[in-house]
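In: just coords:
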């Protein structure tokens, strides 16, 4: 009996020992769950990283496309306007300045034409008055008779000279006498038109000539300014288009910068070491974006 009891005790001890060993060899479920969580976290980070890289690349492509569009339309504006500054502000200021100058020239043109017309009428009236006075002047009548006699003498001298009956000196003397008589008539007319009236005619004629020259210059400037304004007006739709593209470019740059920062943040979360991230994930950390171009 005692032998059986001892054998039972020994078997019980062996059974307890084997059961304890079997319990230690069972895998820990908590340890397995931790590895699975880490693998899921890394897979999620890789997925997020790929999404951020695609988003950043798309944002960069959008930014490059807007930049190319802006450069193209600016080139078209350079060719159309011939200006170095084709920004909306610069072209609008140029158009406003030309419009102000055009209006000023048109006002000058109206005033100048009115003054030229008044001068022309005044000069014509004064000239007719002087002619009327000269027609009724007795001295001029006598001088006109002298001119007629000297003219007859010149014709006779020329006829005799052709026949060989008179020397050339007589022809020259007759011509000089006729010219002297005509000069006396002109002097008498100037005397009659002298004083304030004569001086005024001279001054008015000079001013009328200056106004005529200034009008030609003003007309040339008006034609040029009107042509420039037409060019700028036709370019305004492209100016508005460039402004819209510029705004879209700013929005694309902001989106690209956000995508870059998110990509950089997810890469920092994925590893913490930039070199190890680059070798493990296969792409460098994107550099900061360049600043937006100025409006030129």
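Out: Nice, thanks for sending it over. Keep in mind that what you see is a predicted model, and the values were worked out from it rather than measured. Numbers count the residues shown, from 1 in each chain.

In: Now the nearest residue to residue 201 once chain neighbours are set aside: which helix or strand?
Out: Residue nearest to residue 201 in three dimensions, not counting chain neighbours: residue 126, with 5.3 Å by Cβ to Cβ, 6 or more residues apart in numbering. Using the backbone N, CA and C atoms, a C-beta is placed for each residue, glycine as well. Of the helices and strands defined by DSSP states H and E, residue 126 is found in helix 88-135.

In: Remind me what that helix packs against, helices and strands.
Out: helix 168-192, helix 195-270 (3 or more Cβ pairs under 8 Å, 6 or more residues apart in numbering; DSSP states H and E).

In: could you dump these to CSV with mean pLDDT, distance to residue 82 and mean neighbour count?
Out: CSV is the format used below for these (pLDDT from 0 to 100; distance: least, Cβ to Cβ, whole Å; neighbours: other Cβ atoms under 10 Å):
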stretch, mean pLDDT, distance to residue 82, mean neighbour count
helix 168-192, 83, 55, 15
helix 195-270, 84, 8, 15
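
In: Of those helices, which is nearest residue 121?
Out: Closest approach to residue 121 among the helices and strands packed on helix 88-135 (Cβ to Cβ): helix 195-270, 10.4 Å.

In: What angle do helix 168-192 and the closest one make with each other?
Out: Calculated by axes from the mean of the first three to the mean of the last three Cα atoms, to 10 degrees, helix 195-270 forms an angle of 80 degrees with helix 168-192.

In: just checking, what packs against helix 195-270?
Out: Checking 3+ Cβ pairs under 8 Å, 6+ apart, helix 195-270 ends up next to helix 29-81, helix 88-135, helix 274-281.

In: ok, of the ones you listed, where does mean pLDDT dip lowest?
Out: Looking at the helices and strands packed on helix 195-270, the lowest mean pLDDT belongs to helix 274-281 (a mean of 40).

In: returning to that earlier point: may I see the helices and strands packed on helix 195-270 organised as CSV, with distance to residue 267 and mean neighbour count added?
Out: Shown next, in CSV, are those (distance: least, Cβ to Cβ, whole Å; neighbours: other Cβ atoms under 10 Å):
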stretch, distance to residue 267, mean neighbour count
helix 29-81, 7, 14
helix 88-135, 40, 14
helix 274-281, 5, 13
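
In: among the ones you listed, which is nearest residue 224?
Out: Distance to residue 224, taken as Cβ to Cβ, is lowest for helix 88-135 among the helices and strands packed on helix 195-270, at 9.4 Å.

In: So residue 113 is in contact with residue 214, correct?
Out: No. Taking Cβ atoms under 8 Å as the definition, residue 113 is not a contact partner of residue 214, at 10.9 Å.

In: From residue 184, how far off is residue 202?
Out: Here the criterion is Cβ to Cβ, to the nearest Å. By it, residue 202 lies 21 Å from residue 184.

In: and if you look at residue 111?
Out: Note on residue 111: its distance to residue 184, by Cβ to Cβ, is 43 Å.

In: swap in residue 250?
Out: Counting by Cβ to Cβ - residue 250 and residue 184 are separated by 87 Å.

In: next one: residue 208
Out: 29 Å.

In: and if you look at residue 57?
Out: In terms of Cβ to Cβ, residue 57 sits 102 Å off from residue 184.

In: With distance to residue 169 as added columns, please give the helices and strands packed on helix 195-270 in TSV.
Out: Listed next are the helices and strands packed on helix 195-270 as TSV, based on distance: least, Cβ to Cβ, whole Å:
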stretch	distance to residue 169
helix 29-81	74
helix 88-135	34
helix 274-281	117
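
In: Which one of those lies nearest to residue 219?
Out: Among the helices and strands packed on helix 195-270, helix 88-135 sits nearest to residue 219 (Cβ to Cβ), with 7.9 Å.

In: List the buried residues of the following helix or strand past the closest one.
Out: Using DSSP H and E, the helix or strand that follows helix 88-135 in sequence is helix 138-163. Applying a neighbour-count criterion of 16 or more other Cβ atoms under 10 Å, the buried positions in helix 138-163 are 140, 143, 146-147, 150, 153-154, 157, 161.
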